[in-house]
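**Student:** please work out how this folds:
(chains A, B, C and D)
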Protein chains: 2
Amino acid sequence: MTHSRRMTLKDLARELGVSTATVSNAFNRPDQLSPALRERILGEASRLGYRGPDAKARSLRTGRSRIIAVILAESLTYSLNDPVASEFLSGVAEVLDAQGHTLLLLSSRQAQGLLPGSASMADGFIVYGLMPSGDLLDTLPAQAPLVSADFDIAGRPSVHVDDEPACYGIARHALRRPPRRPGIINLRLTAEPCNGRVTPDHTLLGPEQTITRSRLIGFHRALEEAGFAPDQVPMWNIEENTFPVCEPVIAGILDLPEEERPDLLLCMSDRIALTALTLAERRGLRIPEDLRLTGFDGIAEGQYRSPRLTTVRQDSTEKGRIAARMILGLVPAEPSLLATELIVGESCP
Amino acid sequence: MTHSRRMTLKDLARELGVSTATVSNAFNRPDQLSPALRERILGEASRLGYRGPDAKARSLRTGRSRIIAVILAESLTYSLNDPVASEFLSGVAEVLDAQGHTLLLLSSRQAQGLLPGSASMADGFIVYGLMPSGDLLDTLPAQAPLVSADFDIAGRPSVHVDDEPACYGIARHALRRPPRRPGIINLRLTAEPCNGRVTPDHTLLGPEQTITRSRLIGFHRALEEAGFAPDQVPMWNIEENTFPVCEPVIAGILDLPEEERPDLLLCMSDRIALTALTLAERRGLRIPEDLRLTGFDGIAEGQYRSPRLTTVRQDSTEKGRIAARMILGLVPAEPSLLATELIVGESCP
DNA sequence: TTCGCCTTCTGGAACGATTCAGTTAGCCTG
DNA sequence: CAGGCTAACTGAATCGTTCCAGAAGGCGAA
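**Tutor:** Now for the predicted structure:
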């Protein structure tokens, strides 16, 4: 009974005078041995401080670890501070937790497609947010299930929101009362990283930004229908969905001379719209009289705020739940498209 | 070259006519074999699609998994949507990532102290947010390093913020201009779950709520110094740091008849204070003339908002970084106390 | 009685790596 | 040229389980 080494299943078996197989069954397959013996084994185990079969050994033997990895396109720091990504993760976590699985968080290391070795322990992978490089996919165990969220990987299931119609819808709503000067604030939509004013030439490039590209196409379709030439509508780009990055770009927009300043801003995220809301208020602009604002995502902060944000609610939590269920095989792993909902707040009635 | 089974290190060794030890060294100890042979092994490995040593087998053999688990007191869903917990996690993730470790997220299942089996694979544990039950500590591998954040576990290192002086400081600041009717909104500080008005009898109970208890003591000390009898100052309690839970409680406070309504609210979190801010604005109350508000935490939303929130900034990200460094042994694992900073915004100048 | 069939338990071979104690071969030194 | 030393590589034990094939014993049916 020395504490020099951890107690193992084998030790326990020897102590009890039964085989390791039986002890293993006591923990994993109650129907494979008599209740009395099982009772005795479990009792002795807790008496001797045996904490149950070792997870490392079990996962080697069975080939399964009960760990699901979520690969985040951005750094973990960024993703964890982004409310939309956090909501997604919480949906994933909810399902995994209920099923006795655990969540491993990985970030695709600055696009090098390098994952730490322990990543390969996972039984399945959920890729969130951005197309991973081919290298990254090569790193993953070939036969492991994989589900992507917010974009497609050829031949793999994915879970999406239908961004284009959602953005068409909210823009249409905003344009019912015609603005004098509409403007668009994109989220990471240029080929080269860029914070500030962009022309149509800069955007729509690169194969990777599919979500935000769909959003822009939706905006443009509604603008065109409303009689605006999309390529005449001024656009700005923001690289990162955080307040500090949004602030200077939006300040630049709001400080334009009045005859150039937009009176309607279609924003690709709630964070962007909320930053615009704050900066406009600080400048004494009236919302929605002087400036109307729309967002995208439907995060809580946007609704617990005065004025409430007009936005498109996407249920990121549900997106996470579905991705997790697909990975665990609880629902068929086939492309899934989630509904969105237009929320009309006071920021753009 | 059939794909029926994954390629193993042994297969690769046979293919190359070298021993498994040598192949292992090629991957783990470059100095143990000639560069030429290493080159040949690595080349052949990638040619044959061998993805490197299997993490499960390695972790069994070496006893280490390069996985660090964070145990969150609340459900993962709640924690991931709480900006303070998210910031903490992002600090942890940042350090782990840089050191080639990965982050496993666990929640202490509704206080049952039950962890999924895979939890025991972790090399170390960071406990965040609430005292875990003794059962939970028993579940953990006995010799695994453990660091707690925001509270102490006997004999284990921890990382803290000094809540009492911080709250004393912000309350003192607020009380420099004497309020007519100060009030306090607690965060989860009653023995029984409760949303709404509480008396001093209800609070300060139970051994577990140490953070918020320290905060209240700080508030009380400042109030006493300012000539208020702490037990005469009305208090409300909020069970969960989310908008939907805050809203009705705060609405109840703001809808009190004017002669009972507080004109200064000391809140234990920024979320609470921000909800109060929004609801006050909707009721046409002027901030800070009719109502002054202070928060706690220093989350981004509080500063990118007009009026800016007066609050105490605690660097949760740094707290996470330190916890992670302790677990990895990069800094000595000894109790650590972080500084806080008073931020004076327009909500309580 | 004998045969077959459960139920209950056992022995031992995997799982895929790491690592320790050698073994060779080559080189330097005196 | 003997002796010692180092660099480069190998063989086999080991990590702690799971699970397959089979053995032992009891029981009912023919």
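
**Student:** chain A: strands as residue ranges?
**Tutor:** A:67-72, A:102-107, A:124-128, A:146-149, A:158-161, A:182-187, A:196-198, A:235-238, A:264-267, A:292-294, A:311-314, A:336-338, A:340-343 (DSSP state E).

**Student:** would you single out the least confident of these?
**Tutor:** Least confidently modelled of these is strand A:196-198, at a mean of 88 by mean pLDDT.

**Student:** which residues are contacting it?
**Tutor:** Here strand A:196-198 makes contact (C-beta atoms under 8 Å, 6 or more residues apart in numbering or on different chains) with A:N186, A:L189, A:T190, A:P234, A:M235, A:W236, A:N237, A:V249, A:G252. Heads up, the C-betas are built off the backbone N, CA and C, glycines and all.

**Student:** isn't the third one right up against A:M235?
**Tutor:** No. The criterion here is C-beta atoms under 8 Å, and A:T190 misses it with A:M235 at 9.6 Å.

**Student:** before we move on, the earlier item: reformat the strands of chain A as a markdown table; add mean neighbour count.
**Tutor:** Below are the strands of chain A laid out as a markdown table (neighbours: other C-beta atoms under 10 Å in any protein chain shown):
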| stretch | mean neighbour count |
| --- | --- |
| strand A:67-72 | 26 |
| strand A:102-107 | 24 |
| strand A:124-128 | 26 |
| strand A:146-149 | 24 |
| strand A:158-161 | 23 |
| strand A:182-187 | 24 |
| strand A:196-198 | 15 |
| strand A:235-238 | 23 |
| strand A:264-267 | 28 |
| strand A:292-294 | 26 |
| strand A:311-314 | 25 |
| strand A:336-338 | 15 |
| strand A:340-343 | 16 |
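
**Student:** just send those strands back as CSV, with distance to B:A69 too.
**Tutor:** Putting those into CSV (distance: least, C-beta to C-beta, whole Å) gives the following:
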stretch, distance to B:A69
strand A:67-72, 11
strand A:102-107, 8
strand A:124-128, 19
strand A:146-149, 24
strand A:158-161, 27
strand A:182-187, 33
strand A:196-198, 42
strand A:235-238, 35
strand A:264-267, 38
strand A:292-294, 41
strand A:311-314, 31
strand A:336-338, 30
strand A:340-343, 35
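
**Student:** in JSON lines: these, plus distance to DNA strand C.
**Tutor:** Shown next, in JSON lines, are the strands of chain A (distance: least, C-beta to the nearest atom of the strand, whole Å):
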{"stretch": "strand A:67-72", "distance to DNA strand C": "16"}
{"stretch": "strand A:102-107", "distance to DNA strand C": "19"}
{"stretch": "strand A:124-128", "distance to DNA strand C": "17"}
{"stretch": "strand A:146-149", "distance to DNA strand C": "20"}
{"stretch": "strand A:158-161", "distance to DNA strand C": "29"}
{"stretch": "strand A:182-187", "distance to DNA strand C": "41"}
{"stretch": "strand A:196-198", "distance to DNA strand C": "48"}
{"stretch": "strand A:235-238", "distance to DNA strand C": "44"}
{"stretch": "strand A:264-267", "distance to DNA strand C": "48"}
{"stretch": "strand A:292-294", "distance to DNA strand C": "52"}
{"stretch": "strand A:311-314", "distance to DNA strand C": "41"}
{"stretch": "strand A:336-338", "distance to DNA strand C": "32"}
{"stretch": "strand A:340-343", "distance to DNA strand C": "44"}
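
**Student:** give me the below-cutoff pLDDT ranges for chain A.
**Tutor:** For chain A, applying pLDDT under 70 flags the ranges A:1-5, A:110-113, A:131-134, A:202-209.

**Student:** and for the closest residue to A:E87 other than its chain neighbours, the neighbour number?
**Tutor:** Spatial nearest neighbour of A:E87, excluding adjacent residues (C-beta to C-beta, 6 or more residues apart in numbering or on different chains): A:S316 at 3.9 Å. Using other C-beta atoms under 10 Å in any protein chain shown, A:S316 has 25 other residues around it.

**Student:** touching, A:S316 and A:F88? I think so.
**Tutor:** Yes. Between A:S316 and A:F88 a contact is recorded at 4.5 Å, counting by C-beta under 8 Å.

**Student:** just to revisit the earlier point, which of the strands of chain A sits closest to DNA strand D?
**Tutor:** In terms of C-beta to the nearest atom of the strand, the element of the strands of chain A nearest to DNA strand D is strand A:67-72, at 15.4 Å.

**Student:** quick check: angle from the closest one to strand B:67-72?
**Tutor:** Counting by axes from the mean of the first three to the mean of the last three C-alpha atoms, to 10 degrees, strand A:67-72 lies at 90 degrees to strand B:67-72.

**Student:** remind me what strand A:67-72 packs against, helices and strands.
**Tutor:** If contacts are counted by 3 or more C-beta pairs under 8 Å, 6 or more residues apart in numbering or on different chains; DSSP states H and E, strand A:67-72 sits against helix A:83-98, strand A:102-107, strand A:124-128.

**Student:** for B:A300, which of the ones you listed is the nearest?
**Tutor:** Across the helices and strands packed on strand A:67-72, B:A300 has its closest neighbour in helix A:83-98 (10.6 Å, C-beta to C-beta).

**Student:** name the residues of the closest one that are buried.
**Tutor:** Judged by neighbour count (16 or more other C-beta atoms under 10 Å in any protein chain shown), helix A:83-98 contains these buried residues: A:83-97.

**Student:** same check on stretch A:215-228?
**Tutor:** Residues A:R215, A:L216, A:G218, A:F219, A:H220, A:R221, A:A222, A:L223, A:F228 are the ones in stretch A:215-228 that count as buried (16+ other C-beta under 10 Å).

**Student:** so what's the spatially closest residue to the fifth one that is not a sequence neighbour up against?
**Tutor:** Spelled out, it's A:H220. Spatial nearest neighbour of A:H220, chain neighbours left out: A:P230 (4.0 Å); criterion: C-beta to C-beta, 6+ apart. Shown here is A:P230, whose contacts under the criterion C-beta under 8 Å, 6+ apart are A:P200, A:F219, A:H220, A:L223, A:E224.

**Student:** do the same with A:T275
**Tutor:** A:F243, A:C246, A:E247, A:I250, B:Y304.

**Student:** pretty sure the first one is touching B:I299, no?
**Tutor:** What it means is A:F243. No. Counting by C-beta under 8 Å, A:F243 sits too far from B:I299 to count as a contact (10.3 Å).

**Student:** and the two? which has more neighbours close in?
**Tutor:** B:I299 (24 against 19).

**Student:** isn't the more buried one up against B:D270?
**Tutor:** Yes. Using C-beta under 8 Å, B:I299 is in contact with B:D270, at 4.7 Å.

**Student:** overlap in contacts, the two.
**Tutor:** Both B:I299 and B:D270 are contacted by B:P83, under the criterion C-beta under 8 Å, 6+ apart.

**Student:** in TSV: the helices and strands packed on strand A:67-72, plus distance to A:I327.
**Tutor:** Formatted as TSV, the helices and strands packed on strand A:67-72 follow (distance: least, C-beta to C-beta, whole Å):
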stretch	distance to A:I327
helix A:83-98	8
strand A:102-107	11
strand A:124-128	4
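
**Student:** among the ones you listed, which is nearest A:L337?
**Tutor:** Comparison of those against A:L337 by C-beta to C-beta identifies helix A:83-98 as nearest, at 15.6 Å.

**Student:** run the chain-centre distance for the closest one.
**Tutor:** 8 Å (C-alpha atoms, centre = their mean, to the nearest Å).

**Student:** give the other helices and strands that it contacts.
**Tutor:** Using 3+ C-beta pairs under 8 Å, 6+ apart: helix A:83-98 touches strand A:67-72, helix A:76-81, strand A:102-107, strand A:124-128, helix A:316-327, helix B:76-81, strand B:102-107.
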